[in-house]
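Chemist: Got a predicted structure here, sequence first:
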Amino acid sequence: MFTVAVLISGTGSNLRALLEAAADPDYPARVVVVGADRDADGLAHAEDFGIPSFTVPYARFASREEWGDELGAQLDVWKPDLVVLSGLMRLLPAGLVDRWTPRVVNTHPAYLPEFPGAHGVRDALAAGVAQTGASVIIVDSGVDSGPILAQERIPVLPGDDEHALHERIKPVERRLLIDVVRRIATGEVDLAAVSAAHAH
């Protein structure tokens, strides 16, 4: 069975959607562990589904590299086929990315390469665009700069504020993530090939 580790910082709504999808016997991937960089509310979803979890609190480490080393050590215990960043609000240190890429994917609430970074929804609104989107990417050493695995456009509606727009983006992000993980698990998407093509 194709195994997945999910890393979160917050409520874990993408995580819950993935756990629900993976509970279907026909879904080709299983979440084997959930990790967090703080005492995240989303860890409750892991408990609901009987999935082990771990926490590597960022504040306990002297540097991002040391935090990344411990995070890597926790992942090594489970040896997942894929690592999904699901609202993890920290950039992974380069050493950890180098070890795991291209087997790390992330969702982003914008149509990359538009509006990368931590405030994709706010930035889209500030720019006054008519549409934004959701993307699923391979994580590389840049900020939201990795190869794009899936994305979809979402209109910005009159009167949208950051919360309203983000709430419309989230279900699309979840659907794209579930589909991408499925396609990676079945071999329909070859991460190494996508990554190599992006590098050239």
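Modeler: Happy to help now that I have it. Numbering: from 1, shown residues only.
Chemist: Run the chain-centre distance for the helix or strand of the chain with the lowest mean pLDDT.
Modeler: Using mean pLDDT, DSSP states H and E, the weakest-scoring helix or strand in the chain turns out to be helix 191-199, at a mean of 91. In terms of C-alpha atoms, centre = their mean, to the nearest Å, the centre of helix 191-199 is found 18 Å from the chain centre.
Chemist: Render the CA-only coordinates of it in PDB, please.
Modeler: Extracted in PDB, the C-alpha atoms of helix 191-199 (Å, rounded to 0.1, in the frame of the first residue of the first chain):
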ATOM      1  CA  LEU A 191       7.100  12.700  -9.400                       C
ATOM      2  CA  ALA A 192      10.700  12.200 -10.500                       C
ATOM      3  CA  ALA A 193       9.900  12.700 -14.100                       C
ATOM      4  CA  VAL A 194       7.800  15.900 -13.400                       C
ATOM      5  CA  SER A 195      10.600  17.200 -11.200                       C
ATOM      6  CA  ALA A 196      13.300  16.500 -13.800                       C
ATOM      7  CA  ALA A 197      11.200  18.200 -16.600                       C
ATOM      8  CA  HIS A 198      10.800  21.200 -14.400                       C
ATOM      9  CA  ALA A 199      14.500  21.500 -13.700                       C
END
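Chemist: Please enumerate residues in contact with that helix?
Modeler: 101, 102, 103, 138, 140, 146, 147, 149, 184 (C-beta atoms under 8 Å, 6 or more residues apart in numbering). Glycine gets a C-beta too; all of them are placed from N, C-alpha and C.
Chemist: Walk me through the domains of this structure.
Modeler: According to automatic domain parsing, the chain comprises the domains 1-100, 108-200.
Chemist: Turn these into CSV, columns for mean neighbour count.
Modeler: Listed next are the domains of the chain as CSV, based on neighbours: other C-beta atoms under 10 Å:
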stretch, mean neighbour count
domain 1-100, 18
domain 108-200, 17
